[in-house]
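Peer 1: Structure here, sequence nowhere to be found:
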C-alpha cells in the first residue's frame, strides 16, 4: 500500500508516520513536507517530497504520488499561533486544494482513493454562539471535503482527541497524563480506515 502523509513533523503526524514505517502493509510512504523529516532516517520505503505551497500541486508533484492508495492529512496548527486568515488557509484551504488535486489520481470504484482528514473534537457543521473558532473552521473543512466524495474518491474525517490539536502545548491545557495517551489514541483512530490498526 502506498500512502501519502502530511504533517509528519507534528505530534499527530509523527505518530502516524511511526506506525506507517512499522506496518508491513504499507510498502511506500510519500511525505509532503516543507522541510526534511529526520524521523524517516534511511528507511527505504519513505520518500520526503519537499513541498512549499500546499495550495498548489503541480504535475511534477502529482507524478510522484500517482500510484498512491490514499492520504492521511495530518497537517495543522493551533488557532492561537496564527491569524484567523492563516488558520483558515492551513486548516481548510490546504486540504481542499490537495483533495481536488488527488482526486485526479487514477482509482477505481472497487478500490477508491481514500482521503483521511485529521479533525478534532469540537468540529461541527452547525456551530453555535459559543463554538470555538477551530470548531467552526474544521467543521467547514469537513463539509467541503465531503462534497468531493464520489464512487472512486472517498473522504473520511477522523476525530482523535477532545482538544484543538494534539500538540506539545496541549499538555498545559489537558495535563501531561492525558496528553501522554494521544500518540497511541492517534494510531488507533486516525488511519484505522486503512486497516493498519485494530481497535
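Peer 2: Arrived safely. Small disclaimer: the values here were computed from a predicted structure and weren't measured.

Peer 1: make it CA atoms for all contacts and neighbour counts henceforth
Peer 2: OK.

Peer 1: how far away is the residue most central in space within the chain from residue 126?
Peer 2: Geometric centre of the chain, nearest residue: residue 73, 1.7 Å, by Cα atoms, centre = their mean. From residue 73 across to residue 126, the span is 23 Å (Cα to Cα, to the nearest Å).

Peer 1: again, but for residue 149
Peer 2: Relative to residue 126, and taking Cα to Cα, residue 149 is found at 20 Å.

Peer 1: Okay, now the unreliable bits of the protein?
Peer 2: Filtered on pLDDT under 70, the chain yields the residue ranges 157-199.

Peer 1: longest helix anywhere in it?
Peer 2: helix 133-146 (DSSP state H).

Peer 1: same for that helix, what does it pack against?
Peer 2: helix 94-102, strand 113-119, strand 153-159 (3 or more Cα pairs under 8 Å, 6 or more residues apart in numbering; DSSP states H and E).

Peer 1: next one: that helix to chain centre, how far?
Peer 2: Centroid separation between helix 133-146 and its chain, computed with Cα atoms, centre = their mean, to the nearest Å, is 14 Å.

Peer 1: and residue 108, what does it touch?
Peer 2: 151-152 (Cα atoms under 8 Å, 6 or more residues apart in numbering).

Peer 1: now with 10 Å?
Peer 2: By Cα atoms under 10 Å, 6 or more residues apart in numbering, the residues touching residue 108 are 151-153.

Peer 1: Please apply the same query to residue 2.
Peer 2: Residue 2 neighbours (Cα under 10 Å, 6+ apart): 20, 25-30, 45-46, 65-71.

Peer 1: at 7 Å instead, please
Peer 2: Counting by Cα atoms under 7 Å, 6 or more residues apart in numbering, residue 2 touches 26-29, 68-69.

Peer 1: ok, now residue 92?
Peer 2: Counting by Cα under 7 Å, 6+ apart, the residues that residue 92 touches are 137-138, 141.

Peer 1: For it, give its distance to residue 37.
Peer 2: On the measure of Cα to Cα, residue 92 and residue 37 end up 23 Å apart.
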